[in-house]
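> the following block contains a protein sequence and its predicted model.
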Amino acid sequence: MDAQPLAVGIIGCGNVGRILAEKQNTFRITAAYDCVPGCALDFSARFGAKPLTEFAELLAEPVEIVVEAASVSAVREYAIDVLRSGKDLIILSVGALADETFRIELLGEARRLNRKIHVPSGAIMGLDNIRIGQVSSVDTILLRTTKNPLSLGIGEPETKCVFSGTASECVQRYPKNTNVAVSLSLACGCDASVEVWSDPGETKNMHEIIFSGEFGEAYIRIRNNPSSGNGATSRLAALSALSILENLKNPLVIGA
Ligand SMILES: NC(=O)C1=CN([C@@H]2O[C@H](COP(=O)(O)OP(=O)(O)OC[C@H]3O[C@@H](n4cnc5c(N)ncnc54)[C@H](OP(=O)(O)O)[C@@H]3O)[C@@H](O)[C@H]2O)C=CC1
Ligand SMILES: O=C([O-])CC(=O)C(=O)O
């Protein structure tokens, strides 16, 4: 007899939520919450999940894991309650974890409750081995992100570096565009350096990672297709969360 599909709840019925629902295979999104009630209702009509117009309703749903695909503020608002309701969590809006006080509280609750929080590789590659920064010395960890100004939400007509600083500063300025910078910092164990470039000729979302340390040196360049529902979000980000969900019950763990 086939195992029951994994029951999944979702916060945020936008672009990532829709990609996950379109491609669900070994799991089922059974409950969907969005702060815009119409989004939850449309999502439900299309994919069959129960539409939730209040966050508290999600806590009572019989789901094993919740995917946050909403916003940095949604993570701050809901993540601890999700863990306390006995569910694991996948966080896309990783920028929320740049706030050390919040991160310590959230991880403390996860430990206390024996719950897991998954941070997908999202819109970058290489995060698995960048975790060696936690066990060996790092000389450089730099993310250079290049996007079209429309994706960055700015009206910059020239190719230009619009931000240079640390990941934790950057995500405050570009919370919808640089969650990956905070993922890198979490993986590596130090606040990554970040440059954000605006390029009106760029049609992809490009991320370059420059990493060096005890292991040697690496340069990784990812040229992502923007997702059709939200140009600022690379399709890879949704696919990465999808691969976590599809592998949760797989006894073979690949990578890292
Ligand atoms: N980790 C990574 O590598 C990446 C992470 N991301 C992040 O993933 C998240 C989802 O992206 P995407 O699907 O493209 O975004 P969308 O804007 O397409 O969808 C998000 C949905 O969630 C809703 N929402 C926002 N805040 C809340 C809240 N507090 N409670 C409930 N619903 C809320 C939004 O409503 P409204 O439109 O009214 O705000 C919207 O309907 C974003 O935060 C994005 O920045 C994106 C790319 C890469
Ligand atoms: O999707 C991307 O290319 C990166 C992104 O928006 C983010 O990290 O928030």
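Cool, the structure landed. Ligands and ions are numbered 1, 2, ... in the order given.
> contacts, neighbours, all on C-alpha from now
OK.
> show me which residues of the stretch 101-250 of the chain are close to ligand 1?
122, 123, 176, 177, 179, 180, 230, 233, 234, 237 (Cα under 6 Å from any ligand atom).
> pretty sure the fifth one sits against residue 98.
Read it as residue 179. No: using Cα atoms under 8 Å, residue 179 is not in contact with residue 98; the gap is 9.3 Å.
> in the stretch 151-256 of the chain, which residue sits nearest ligand 1?
Using Cα to the nearest ligand atom, residue 176 is the residue of the stretch 151-256 of the chain that sits closest to ligand 1, at 3.5 Å.
> list phi and psi for the residue most central in space within the chain.
The residue lying closest to the centre of the chain (Cα atoms, centre = their mean) is residue 92, at 2.1 Å. Here is the backbone geometry of residue 92 (degrees, to the nearest 10): phi -90, psi -40.
> look up how far residue 188 lies from it.
Separation of residue 92 from residue 188 (Cα to Cα, to the nearest Å): 18 Å.
> cool, residue 124 as well?
To residue 188, residue 124 is 14 Å away according to Cα to Cα.
> and what of residue 68?
Relative to residue 188, residue 68 is positioned 23 Å away (Cα to Cα).
> now do the shared contacts for residue 179 and residue 98.
Listed as contacting both residue 179 and residue 98 by Cα atoms under 8 Å, 6 or more residues apart in numbering are residue 171.
> about what we covered before: on the three-state scheme, the residue of the stretch 151-256 of the chain closest to ligand 1 is what?
Put simply, residue 176 is coil when judged by DSSP: H, G, I helix; E, B strand; the rest coil.
> what does residue 67 give?
Following three-state DSSP, residue 67 is assigned to strand.
> now the residues of the stretch 101-250 of the chain next to ligand 1 in a markdown table, with pLDDT and neighbour count?
Below are those laid out as a markdown table (pLDDT from 0 to 100; neighbours: other Cα atoms under 10 Å):
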| residue | pLDDT | neighbour count |
| --- | --- | --- |
| 122 | 98 | 24 |
| 123 | 98 | 28 |
| 176 | 96 | 18 |
| 177 | 97 | 24 |
| 179 | 98 | 25 |
| 180 | 98 | 27 |
| 230 | 97 | 13 |
| 233 | 98 | 23 |
| 234 | 98 | 24 |
| 237 | 98 | 21 |
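> so which of the residues you listed are in strands?
Among those, the members found in strands (DSSP state E) are 230, 233, 234.
> save these as CSV, and put in distance to residue 113 too.
Converted to CSV, these look like this (distance: Cα to Cα, whole Å):
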residue, distance to residue 113
230, 35
233, 32
234, 33
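> out of those residues, who's near ligand 2?
Contacts with ligand 2 within those, counted by Cα under 6 Å from any ligand atom: 233, 234.
> give me the mean pLDDT for stretch 70-78.
Average pLDDT, stretch 70-78: 98.
> can you give me how far that stretch is from the chain middle?
Remark: stretch 70-78 is offset 12 Å from the chain centroid, using Cα atoms, centre = their mean, to the nearest Å.
> one step back: the residue of the stretch 151-256 of the chain closest to ligand 1 reaches residue 232, doesn't it?
Yes: applying Cα under 8 Å as the test, residue 176 and residue 232 come out as touching, 7.1 Å apart.
> so what does residue 183 look like in phi/psi?
According to degrees, to the nearest 10, residue 183 has phi -60, psi -40.
> what number of residues lie near it?
Per other Cα atoms under 10 Å, the neighbour tally for residue 183 reads 27.
> gap between it and residue 55?
From residue 183 across to residue 55, the span is 26 Å (Cα to Cα).
> contact partners of the strand or helix carrying residue 28?
Taking DSSP states H and E as the criterion, residue 28 maps to strand 27-33. Residues outside strand 27-33 that contact it (Cα under 8 Å, 6+ apart): 5-13, 21, 40, 43-44, 48-55, 58, 61, 63, 245-246.
> only the buried subset of these, as a ChimeraX command please.
The buried subset of those, as determined by 16 or more other Cα atoms under 10 Å, is captured in ChimeraX by this line:
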select :6,7,8,9,10,11,12,13,21,40,43,44,48,49,50,51,52,53,55,58,61,63,245,246
